[in-house]
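> Okay, sequence plus prediction incoming.
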Amino acid sequence: MSLLTSAATRFIEGVPDAVERIAFLDSTYAYDPARGHADKLARWLKPSDRHYLTVLAYDYANALLDGKPFVSSTGGTWYRSHVMQTNLAAHIAFTRADADGFQNSFALERRVQFLLKENPDRKVLHTVQVERNGFIHAMLAGTPLEGRGYEYFGPRAYDAWIEE
């Protein structure tokens, strides 16, 4: 287990109330239902309308690197994100609104969002998710600013601020 994964596991095991937003940008590796992570996340999410959870991932079990698969069907964040959402559904009601190659699930008035990108072209999209407004969306999801001036996986919203 990497240091980052170990730190994420320790954090998820006891999320302080002062934490207002958790975003997993293709990073649900440490999610472990056997450790009760869904229960802990639900206990943190439900009582406060200022707690947000955003999960962004893509199907890289389907991706190819140098023409070869590099993750098993249960080894990546695509699989782990689905498990997390399924486990959380035992605690909170989700609605599903798939669109444009995304499996989208929402709960608690959009404070909880799972945006999972299908990958029929089998591309490696790790950094592309951030480049195409993933970080921006993770910070604004569920707020009145969500989608204003940007679209997750749309054109970069910040091009005007990049020097040649």
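Okay, I see it.
> Nearest to the spatial middle of the protein, which residue is it?
Centroid-nearest residue in the chain: residue 55, 1.4 Å away (criterion: CA atoms, centre = their mean).
> Could I get the contacting residues of that one?
By CB atoms under 8 Å, 6 or more residues apart in numbering, residue 55 lies in contact with 23, 24, 28, 81, 84, 85, 113, 114, 115, 116. Backbone N, C-alpha and C define where each C-beta goes, glycine included.
> sec struct for it, please.
Here residue 55 is strand, with the state taken from DSSP: H, G, I helix; E, B strand; the rest coil.
> So for residue 24, what's the nearest residue that isn't a sequence neighbour?
residue 55 (4.7 Å; CB to CB, 6 or more residues apart in numbering).
> And the strands in the protein?
In the chain, the segments counted as strands under DSSP state E are 21-25, 52-58, 64-65, 68-69, 94-96, 102-107, 112-117.
> Can you say which of those is packed in most?
Ranked by mean neighbour count, the strands of the chain are led by strand 52-58 with a mean of 26 (mean count of other CB atoms under 10 Å).
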